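> generate coordinates for the sequence data below:
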Amino acid sequence: MRANYTVLRATAKEMFIKGAQQKEIAQKLNISTVSVSKWANEGCWKVERDARATSAKSRVENIHSIIGLLSEQQMELLKKIAEAENAADIEAAKELRKQSDGIADHVSKWNRTLKDIDKENRISLSVYLDVMDDIFRHLKSHDLELYHKTLDFQELHVHQKSISL
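Numbering: from 1, shown residues only. All right, here's what the predicted structure looks like:
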C-alpha cells in the first residue's frame, strides 16, 4: 500500500510541475482534490514549478522558439525580395531589405541574450562536485546498499561532468 501511495504522490507532483491543475490531477489519478492540494502545499510544489518555469533551460527554449519564428519571417522576406527584384520593383525591394535587416538585428540580439544566459548560469566544477558529494553522502546515510549499487554511476557521472565543465 505504501509503495502505491508514494508512486501516486510522485505522479501527482510530476503532473503538477508540468502545469496540470489540481482538479485535473485529482480526476486523472482518481484521488480527491483535497489530497492533491495538501500534497502540493506540504511539498512546496508551486515553488518548484515556478522555479522550473523561469529556469535558464525554459528561457533558452523560449528564445530558440523566437529565433525560429524570426527565421521563418526572414525566409519569407527573402522570397519577397527576390520577387520584387525580378519585377524590377526597386522601392519594394528596398523596403523589404530594411525589414530583413531589422529581423537580422533581432536575431543577433536574441543570440547575445542566449550567450548571456549561458554565462550567468554556468557553475564551476568545484560547486558542482560539492553538490554531488552532498547528494552521495546523504544517499549513503539513507540507503547504504543503494549507495554501493550506484558507485560506478557516481564515478562515471563525475568524470563526465569534469570533462564538460
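
> does the residue located most distally from the centre of the chain count as helix, strand or coil?
Using C-alpha atoms, centre = their mean, the residue of the chain lying farthest from its centre is A88. It sits 46.6 Å away. Three-state call for A88 (DSSP: H, G, I helix; E, B strand; the rest coil): coil.

> what's the separation between A84 and N62?
33 Å (C-beta to C-beta, to the nearest Å). Where you see a C-beta, it was placed from the backbone N, CA and C, and this is true even at glycine.

> neighbour count winner among these two?
Counted by other C-beta atoms under 10 Å, A84 and N62 do not tie: A84 has more neighbours, with 18 against 11.

> next one: that one from W110, what distance?
27 Å.

> same check on A88?
34 Å.

> low-scoring pLDDT stretches of this protein, where are they?
1-3 (pLDDT under 70).

> same thing but 50
The chain contains residues with pLDDT under 50 at 1.

> quick one, domains of it?
2-52, 56-121, 125-164 (automatic domain parsing).

> so how far is the first residue of the second one from its last?
Across domain 56-121, the terminal residues are separated by 7 Å (C-alpha to C-alpha, to the nearest Å).

> three-state assignment of R112?
helix.

> neighbours of it, how many?
R112, neighbours per other C-beta under 10 Å, totals 10.

> the one 10 residues further on now?
For R122, the tally of surrounding residues (other C-beta under 10 Å) stands at 9.

> N111 now?
12.

> okay, and the residue lying closest to it once chain neighbours are set aside sits in which element?
In space, and not counting its chain neighbours, N111 is closest to I67: 7.2 Å by C-beta to C-beta, 6 or more residues apart in numbering. Assigned by DSSP states H and E, I67 belongs to helix 56-86.

> give the buried residues for that helix.
67, 70, 73-74, 77, 80-81, 84 (16 or more other C-beta atoms under 10 Å).

> with distance to Q160 added, can I get these in a markdown table?
Rendered in a markdown table, the data for these read as follows (distance: C-beta to C-beta, whole Å):
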| residue | distance to Q160 |
| --- | --- |
| I67 | 29 |
| L70 | 34 |
| Q73 | 39 |
| Q74 | 37 |
| L77 | 43 |
| K80 | 47 |
| I81 | 46 |
| A84 | 52 |
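
> between those residues, which is nearest D130?
I67 (34.6 Å; C-beta to C-beta).

> surely that closest one touches A104?
No: when contacts are counted by C-beta atoms under 8 Å, I67 is not listed as touching A104 (11.3 Å).
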